[in-house]
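Chemist: Mind folding the following:
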Amino acid sequence: MTSPAPSIFLSYGSGDRAAARHVYKLLSSAGADVWFDETQLIPGTPWRDSILNALKSVNTLMVLVSQNSIEKMQGVELKTAVEKTTRDPKFRIIPVLLPHTEIEKLHPVLRGLQAVDLRDAADDETRLRRLLASIAIDRDAGETANDEEIGDNLREAGDLSAARPFYEKALSIMTATFGESHPNIGRLHRKLGSIYFEQGDLVSAERYFRSALTIDELAFGSDHQTVAADLNNLGLVYSARGESDRAVATLQRSLEITKEAFGENSHEFATALNNVALVMHARGNLDEAMKYLKESLLIAERISGPAHPDVANRLNNIAGLLHDSGEFEEARVYSEEALKRSTEIYGETHPKVGSRLHNLGTICRELNDLPKAQAYLERALSIAEKNGAMQDVALTLNSLANVYRAKGDISDALALYERSLKIADTIYGPENPLARNARASIRSIESTES
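Modeler: From the prediction side, this is the model:
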């Protein structure tokens, strides 16, 4: 079902006129129906009446807020919109937080509403993605998407920091509606756990994944497919922390449940095989890991065809395994194909593309192709920083430092190792392999220089 885009009234104070013009340009360029006074008011007509009439005809008020206070006419617009919400429950008021906005100074009416946060948006692509997500349409229902759906859209686009508050609001509403032990709560805990995992906050990720597992075991029993998904998520957390034995046991249990629930020729079983392979890879069981990976790749290609995210993911993982086996030329072939397919699927700035660039950069470094290694890793770092994925930032800084060191740029390499170590210590703790490696590299450079 195709639905018209929401009609939007853009409300702003005179001090934010430049920002309003920019927001209008972004939304209009994407096809949104926006009422903006500079383009709609006709000279010589009563502007106040025109504004109030326009508010009656739209279904969304988008209020730009900044460090400037709400002006008189903007207050009238907001009051009119609030009155409309009492008559029309589908009418929405969306605060848009401009740079330097302080939440505690928001107008009381706006303080309790889910906002579009542009304060940390680094570019127009991010700004537009967040604005459009807030007015997204649920194509099945033909209505404005709810907070969970908005979070899904933002997460799929790789905007993790923007997705999280929408999931948190959805969780608050769901908890008030269903209580704390309903499967809907488990589903949102899984999604929040995934956000924290991708951002490198393993403590929070484990907390949410464990909560989801408890809820789902009570609701569905210990052999349900949803429980398998929860176990899979926990296994990945254990693996990221270096707890390989615990990770393998957890993922093997997930694999067994998945095989029974979905069969061997299924997307779910292929994913479970892939995840077990990753942990076996980390433990050094390279031959066993390759067997699992190739089986997973064959299933994914058979089910989904070659142009699918799962296929790109398996190609990338095989490249990583070949890298660690010392087969760098073959690894490069798989890695380049994984990057090509991921870019076609996700676009140039998605976190998945950043991960592929990082992996290809490390392979190029092993092949002593240092200019390409540096170029790939710098692109990967830019994507990780843009998406707030601090786990990836720390890893890419360390890899880039290795390239600078190989080039003989010791002072730049040392600075990058120190940045990587600071992040790794914060999100993992000092005993994590990444933190230990960065610390060892710093000591090695300092001992050589002294």
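
Chemist: what's the residue closest to the geometric middle of the chain?
Modeler: residue 160 (3.1 Å; Cα atoms, centre = their mean).

Chemist: Let me know the distance separating it from residue 154.
Modeler: 8 Å (Cβ to Cβ, to the nearest Å). For the C-beta atoms, the positions are set from N, CA and C on the backbone; glycine is no exception.

Chemist: before we move on, what about residue 194?
Modeler: 13 Å.

Chemist: Same check on residue 387?
Modeler: 11 Å.

Chemist: And residue 390, by the same measure?
Modeler: For residue 390 relative to residue 154 (Cβ to Cβ), the value is 18 Å.

Chemist: Between the two, tell me which one has more neighbours.
Modeler: The residue with more neighbours, out of residue 390 and residue 154, is residue 154; 25 against 18, by other Cβ atoms under 10 Å.

Chemist: contacting residues for the more buried one?
Modeler: 129-130, 133, 160, 162-163, 166 (Cβ atoms under 8 Å, 6 or more residues apart in numbering).

Chemist: Likewise for residue 210?
Modeler: residue 234.

Chemist: After the helix or strand hosting it, heading C-terminal, what element do we hit next?
Modeler: Per DSSP states H and E: residue 210 is located in helix 202-220. Scanning forward in sequence from helix 202-220 by DSSP H and E, the next helix or strand is helix 225-240.

Chemist: which other residues reach that next one?
Modeler: Against helix 225-240 from outside (Cβ under 8 Å, 6+ apart): 183, 186, 190, 193-194, 197, 202, 205-206, 209-210, 212-213, 216-217, 220-221, 244, 246-248, 250-251, 253-255, 257-258, 261-262, 268, 271-272, 275, 278-279, 282, 391.

Chemist: Show me what counts as buried in that helix.
Modeler: In terms of neighbour count (16 or more other Cβ atoms under 10 Å), helix 225-240 has its buried residues at 226-240.

Chemist: what two of those have the greatest distance between them?
Modeler: 226 and 240 (21.8 Å; Cβ to Cβ).

Chemist: Residue 426 falls within a helix, correct?
Modeler: Yes: counting by DSSP: H, G, I helix; E, B strand; the rest coil, residue 426 falls inside a helix.

Chemist: Distance check, it against residue 326.
Modeler: 33 Å.

Chemist: Look up the closest residue to residue 21, ignoring the ones flanking it.
Modeler: residue 38 (7.1 Å; Cβ to Cβ, 6 or more residues apart in numbering).

Chemist: got a pLDDT number for that neighbour?
Modeler: We have a pLDDT of 89 for residue 38.

Chemist: any idea how far residue 24 is from it?
Modeler: 8 Å.

Chemist: With residue 442 instead?
Modeler: In terms of Cβ to Cβ, residue 442 sits 49 Å off from residue 24.

Chemist: Those two: which has the busier surroundings?
Modeler: Counted by other Cβ under 10 Å, residue 442 and residue 24 do not tie: residue 24 has more neighbours, with 21 against 17.

Chemist: residue contacts, the more buried one?
Modeler: 10, 34, 36, 38-39.

Chemist: If we use 10 Å, what do you get?
Modeler: 8, 10, 12, 32, 34-39, 62 (Cβ atoms under 10 Å, 6 or more residues apart in numbering).

Chemist: Any chance of TSV for those, columns distance to residue 379?
Modeler: Shown next, in TSV, are the contacts of residue 24 (distance: Cβ to Cβ, whole Å):
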residue	distance to residue 379
8	35
10	35
12	36
32	31
34	34
35	40
36	36
37	41
38	38
39	38
62	33
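
Chemist: worst-scoring helix or strand of this structure, pLDDT-wise?
Modeler: strand 137-138 (a mean of 50; mean pLDDT, DSSP states H and E).

Chemist: Give me the buried stretch members for stretch 27-41, please.
Modeler: 27, 32, 34-37.

Chemist: tell me the two of the residues you listed that are most distant?
Modeler: 32 and 37 (16.1 Å).

Chemist: ok, back up a step: show me the common contact partners of residue 160 and residue 154, please.
Modeler: Shared contacts of residue 160 and residue 154, defined by Cβ under 10 Å, 6+ apart, comprise residue 195.

Chemist: can you give me the strands in the stretch 1-150 of the chain?
Modeler: Taking DSSP state E, counting those that start in this stretch as the criterion, the stretch 1-150 of the chain carries its strands at 7-11, 33-35, 60-65, 92-97, 116-117, 137-138, 143-144.

Chemist: Can you tell me which of these is nearest to residue 52?
Modeler: Across those, closest to residue 52 is strand 7-11 (Cβ to Cβ), at 10.3 Å.

Chemist: any idea of the angle the closest one forms with strand 92-97?
Modeler: Counting by axes from the mean of the first three to the mean of the last three Cα atoms, to 10 degrees, strand 7-11 lies at 40 degrees to strand 92-97.

Chemist: and strand 7-11, which residues are buried?
Modeler: Neighbour-count burial for strand 7-11 [16+ other Cβ under 10 Å]: 8-11.

Chemist: Show me how far it is from its chain's centre.
Modeler: When distances are taken as Cα atoms, centre = their mean, to the nearest Å, strand 7-11 is centred 28 Å away from the chain's centroid.

Chemist: Please identify the pairing partners of it and their relative orientation?
Modeler: Applying DSSP bridges, strand 7-11 is found paired with strand 33-35 (parallel), strand 60-65 (parallel).

Chemist: for these, which one sits closest to residue 287?
Modeler: strand 60-65 (56.8 Å).

Chemist: care to break this protein down by domain?
Modeler: Taking automatic domain parsing as the criterion, the chain consists of the domains 1-145, 392-450.

Chemist: looking at the ones you listed, which is buried most?
Modeler: For those, the largest average neighbour count (mean count of other Cβ atoms under 10 Å) is found in domain 392-450, namely a mean of 18.
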